[in-house]
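[1] Predicted coordinates and the sequence they were generated for:
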Amino acid sequence: MVAGAFPLAKLLTLGARQLSRPLAARIKAGARASPFFRTYICLPPAQLYHWVEMRTKMRLLGFRGAAVKPLNEEAAAELGAELLGEALVFGVGGLCLYLEYLRQAGQSRRREEHLEETLSHLREGLERLQSDLEELRARGHA
């Protein structure tokens with residue numbers, strides 16, 4: 001009964017999400033330390049995020065033609081590492097949701113197959129009973 005109320009798959013999903021957070025923190029630390037990772041992986045998404053955020057804020061405040069200054073390298077590296085870590089946690093969460101969906105779909109499909117099989121057995125039994133009834137009626141008339 002307890003296994004049905006708290007399936008093992010949900011416990012494993014929670015474990016995977018909890019393990020992704022330290023992994024994300026480790027990737028963030030590596031991103032801050034590695035020049036290649038910082039330059040080519042962290043900085044472009046951070047600058048893009050900053051540009052989109054600032055353009056949106058400026059438009060909401062009524063400034064239309066103002067130029068957005070890029071972040072300095074340290075702030076962009078920090079923001080990029082943070083975005084990367086959050087994307088990792090979000091990706092693991094999305095993957096867990098997708099796997100749970102597949103599991104539920106498989107259970108539903110198996111349940112429907114079982115119902116179809118039961119229904120076909122019942123139909124076969126009904127057909128046998130009808131043929132037996134017709135046979136008994138034929139014997140009764142003879």
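    Now that the structure is in, tell me what you want to look at.
[2] Helices of this structure, start to end?
    Assigned by DSSP state H, the chain shows helices spanning 2-5, 8-33, 35-37, 43-61, 73-141.
[3] Tell me which of these sits nearest to residue 67.
    helix 43-61 (9.6 Å; Cβ to Cβ). No exception for glycine: its C-beta is placed from N, CA and C like everyone else's.
[4] Can you mark which positions in the closest one are buried?
    Neighbour-count burial for helix 43-61 flags 43, 46, 47, 49, 50, 54 (criterion: 16 or more other Cβ atoms under 10 Å).
[5] now do stretch 92-104
    Under 16+ other Cβ under 10 Å, the buried positions of stretch 92-104 are 92, 96.
[6] For burial, what's the neighbour tally of residue 80?
    Residue 80 has 27 neighbouring residues, counting by other Cβ atoms under 10 Å.
[7] What separation is there between it and residue 69?
    17 Å (Cβ to Cβ, to the nearest Å).
[8] just residue 56 next, same as before
    16 Å.
[9] now swap in residue 92 and tell me
    Distance of residue 92 to residue 69, computed by Cβ to Cβ: 34 Å.
[10] just to revisit the earlier point, redo the helices of the chain as a markdown table? Include mean pLDDT.
    Shown next, in a markdown table, are the helices of the chain (pLDDT from 0 to 100):
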| stretch | mean pLDDT |
| --- | --- |
| helix 2-5 | 47 |
| helix 8-33 | 76 |
| helix 35-37 | 87 |
| helix 43-61 | 92 |
| helix 73-141 | 90 |
